[in-house]
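A.B. asks: structure for this input, please:
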Amino acid sequence: MGERVYCPNMNFVRYIFAMGVLIEHVNVLAGFNIPFIFNSYERIGSIFALSGFLVYPSYIKRNSTIKFIKTRAKRILPSYLLIVVLCAILFVYISDLPYEEYFTSSKFYKYIVSNILFLNWIEPSLPGVFEGDIYHNSAINGALWTMKIEWCLYFTIPIFIYIVSKFRINDKRFAILIIILSILYRFIFQILYEQKNDEIYNILGRQIFGQVAYFFVGILIYLYRKEFLKNNGKLILLSLASFLLVRYIPYGNILLYPFILPVLALAISCYKYEIKFFSKINVSYEIYLIHYPIIQLFVYLGMKDCEWYTFLSTVLLITIILAFITQRLVRNNNRIQPVATNNILIK
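C.D. replies: Here you go, the predicted structure:
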């Protein structure tokens with residue numbers, strides 16, 4: 001059966017990153033300047049590192065791509081689809097268009113289809129919704145761009161295992177090679193962005209190949225799991241110190257953070273002293289799905305003129321309430337447990 005290793009603070013780390021993403025989007029959409037320790041790219045990358053650490057043994061356990069994808073789909077799709085469809089239907093009430101014109105607009109159906117297929121960049125907006133100078137953009141849920149990357153990263157696991165098995169490659173060394181190539185990819189596009197001042201290079205740099213490094217560092221930590229867990233406390237201190245120092249090194253965030261931040265996040269996740277307040281239930285995924293349209297809605301209601309702490313606390317409260325409701329609806333209607341386990345099987 002193997003040994004089970006419990007990561008008691010995994011939910012706490014998830015909430016920290018979800019909170020960071022929420023604050024980032026409050027700043028961007030509402031025009032505030034609320035500080036947070038990690039920037040947006042680092043937070044998203046670290047979330048992918050947690051995924052790599054968790055889903056790699058999940059695939060190994062099932063040894064079937066079909067079963068693995070079904071399991072991930074049950075975890076990810078119900079809440080995701082619910083939020084996409086509900087936003088499309090309910091935002092008719094704030095659209096500038098009449099109801100009939102809204103529901104017969106090709107843009108409405110284009111939004112639903114493209115977002116269901118994780119192709120949200122094709123149509124991120126709904127007809128007559130969040131249009132005007134008060135909005136940073138008209139996107140209904142700009143956070144969903146990461147979902148296509150999440151799925152692409154899942155598919156790298158069976159490919160990785162096939163290559164390792166087929167060509168008898170050392171899995172750890174191969175993972176390190178993939179990480180280095182991903183970091184070089186991100187670094188090259190950063191240089192191109194700075195030289196040409198074209199946003200397309202920044203966009204391409206943070207897509208799938210730029211995120212692979214974080215995901216595979218999570219996998220690499222799993223492959224070195226026994227050594228990692230044995231030195232857990234030391235790694236927290238070392239990675240935290242490195243995180244604070246590396247930010248002063250040119251391009252340190254690109255070249256070194258993909259190693260440092262996953263180690264810090266997973267070392268805290270697996271630390272033996274549990275932060276019990278966060279251990280019972282995990283709605284961080286639902287918070288991630290819901291927060292963006294809530295912020296846009298509050299901008300629509302004119303709350304961006306409030307003090308930042310009023311805006312942030314109100315958005316956070318409403319988002320958390322809706323996250324719990326969403327998870328409860330998904331759990332009752334689909335008979336699945338949408339809370340990812342913190343137990344990792346060690347073979």
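A.B. asks: can you give me the helices in the stretch 51-200 of the chain?
C.D. replies: 65-90, 99-104, 106-116, 145-167, 171-196, 199-205 (DSSP state H, counting those that start in this stretch).
A.B. asks: just the buried residues of stretch 69-76, please?
C.D. replies: Neighbour counts using 16 or more other C-beta atoms under 10 Å place 69, 71-72, 75-76 of stretch 69-76 among the buried residues. C-beta: built from backbone N, CA, C; applies to glycine.
A.B. asks: switch the residues you listed over to CSV; also include distance to Val26 and pLDDT.
C.D. replies: What follows is the buried residues of stretch 69-76, written out as CSV (distance: C-beta to C-beta, whole Å; pLDDT from 0 to 100):
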residue, distance to Val26, pLDDT
Ile69, 34, 92
Thr71, 33, 90
Arg72, 29, 91
Arg75, 27, 89
Ile76, 24, 93
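A.B. asks: just to revisit the earlier point, right, and the helices of the stretch 51-200 of the chain - which one's nearest Tyr222?
C.D. replies: helix 171-196 (9.6 Å; C-beta to C-beta).
A.B. asks: which regions of the stretch 201-347 of the chain lie under the pLDDT threshold?
C.D. replies: By pLDDT under 70, the weakly predicted segments of the stretch 201-347 of the chain are 278-279, 332-347.
A.B. asks: again but with the stretch 1-150 of the chain, I slipped
C.D. replies: 1-5.
A.B. asks: which one of the buried residues of stretch 69-76 is nearest to Pro57?
C.D. replies: Among the buried residues of stretch 69-76, and counting by C-beta to C-beta, the member closest to Pro57 is Thr71, at 12.1 Å.
A.B. asks: ok, now which ones touch the closest one?
C.D. replies: 58, 62 (C-beta atoms under 8 Å, 6 or more residues apart in numbering).
A.B. asks: want to throw the helices of the stretch 51-200 of the chain into CSV with distance to Ile16?
C.D. replies: Formatted as CSV, the helices of the stretch 51-200 of the chain follow (distance: least, C-beta to C-beta, whole Å):
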stretch, distance to Ile16
helix 65-90, 20
helix 99-104, 38
helix 106-116, 27
helix 145-167, 17
helix 171-196, 23
helix 199-205, 24
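A.B. asks: and of the ones you listed, who's closest to Leu256?
C.D. replies: Ranking the helices of the stretch 51-200 of the chain by proximity to Leu256 (C-beta to C-beta) places helix 171-196 first, at 8.8 Å.
A.B. asks: for that closest one, packing partners?
C.D. replies: helix 145-167, helix 199-205, helix 208-223, helix 252-255, helix 257-269 (3 or more C-beta pairs under 8 Å, 6 or more residues apart in numbering; DSSP states H and E).
A.B. asks: can I get those in a markdown table with distance to Ile325 and mean neighbour count?
C.D. replies: Formatted as a markdown table, the helices and strands packed on helix 171-196 follow (distance: least, C-beta to C-beta, whole Å; neighbours: other C-beta atoms under 10 Å):
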| stretch | distance to Ile325 | mean neighbour count |
| --- | --- | --- |
| helix 145-167 | 21 | 16 |
| helix 199-205 | 34 | 15 |
| helix 208-223 | 30 | 25 |
| helix 252-255 | 37 | 18 |
| helix 257-269 | 27 | 25 |
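A.B. asks: can you redo those helices as a markdown table with distance to Lys61?
C.D. replies: A markdown table is the format used below for those (distance: least, C-beta to C-beta, whole Å):
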| stretch | distance to Lys61 |
| --- | --- |
| helix 145-167 | 12 |
| helix 199-205 | 34 |
| helix 208-223 | 12 |
| helix 252-255 | 33 |
| helix 257-269 | 19 |
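A.B. asks: Gly233: neighbour count?
C.D. replies: Each residue near Gly233 was counted by other C-beta atoms under 10 Å, and the total is 12.
A.B. asks: and the helix or strand encompassing it, what does it pack onto?
C.D. replies: Using DSSP states H and E, the element containing Gly233 is helix 232-246. If you count contacts as 3+ C-beta pairs under 8 Å, 6+ apart, helix 232-246 packs onto helix 257-269.
A.B. asks: got the angle for the helix it packs on vs helix 232-246?
C.D. replies: Here the directions of helix 257-269 and helix 232-246 differ by 140 degrees (axes from the mean of the first three to the mean of the last three C-alpha atoms, to 10 degrees).
A.B. asks: Leu264 versus Ile236, what's the distance?
C.D. replies: For Ile236, the distance to Leu264 (C-beta to C-beta, to the nearest Å) stands at 7 Å.
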